[in-house]
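>>> generate a structure from the sequence data that follows.
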Amino acid sequence: QVQLVESGGGLVQAGYSLRLSCAASERTFSNYAMGWFRQAPGKDREFVATIKRSGGGTYYADSVEDRFTISRDNAKNTVYLQMNNLKPEDTAVYYCAARWDSGSRYYTVKNEYDYWGQGTQVTVSS
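Below is the predicted model of the structure:
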């Protein structure tokens, strides 16, 4: 069982930055693909970004491309989401997720992930 704990959320003004962290309990963390998703009030949980187990491959939703960067430190069992130039429409609860990585493709659908954190709130004011 992989336990994930997110941190780093908060309230910021539009144009500012935040960095989210997600710490994993699993000592074989380096074998897992990691993803970030978000859920705004009244909306479905949507894909934001994913990173392969090695950290060598990343993939983003169009809405965050060029503004957000996902990265990981396998020595620290941690994945990050650097969010720059935040917009009010980025306001949501952000969740990290994990699944065993076959290495063959990117995982962008929430049902493909087996483990989830509790979420961290990000609020962007205009």
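
>>> ok, now which ones touch residue 71?
Residues near residue 71 by CB atoms under 8 Å, 6 or more residues apart in numbering: 51, 55, 58, 79-80, 82. Just so you know, the C-beta spots here come from the backbone N, C-alpha and C atoms, and that holds for glycine as well.

>>> now intersect those with the strands, please.
Among the contacts of residue 71, the residues falling in strands (DSSP state E) are 51, 58, 79-80, 82.

>>> tabulate these (TSV), appending distance to residue 10.
Converted to TSV, those look like this (distance: CB to CB, whole Å):
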residue	distance to residue 10
51	23
58	24
79	18
80	15
82	14
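
>>> let's see if you can find the most crowded of these.
residue 79 (30 neighbours; other CB atoms under 10 Å).

>>> residue 11 belongs to a strand?
Yes. Assessed with DSSP: H, G, I helix; E, B strand; the rest coil, residue 11 lies in a strand.

>>> quick one: which helix or strand includes the closest residue to residue 78 other than its chain neighbours?
Of all residues not flanking residue 78 in the chain, residue 23 sits nearest, at 5.2 Å (CB to CB, 6 or more residues apart in numbering). In the assignment (DSSP states H and E), residue 23 maps to strand 18-24.

>>> now for the residue nearest to residue 78: which residues touch it?
4-5, 7, 76-78 are the contacts of residue 23 under CB under 8 Å, 6+ apart.

>>> any idea how far the residue most central in space within the chain is from residue 126?
The residue lying closest to the centre of the chain (CA atoms, centre = their mean) is residue 36, at 2.2 Å. Residue 36 is 23 Å from residue 126, where distance means CB to CB, to the nearest Å.
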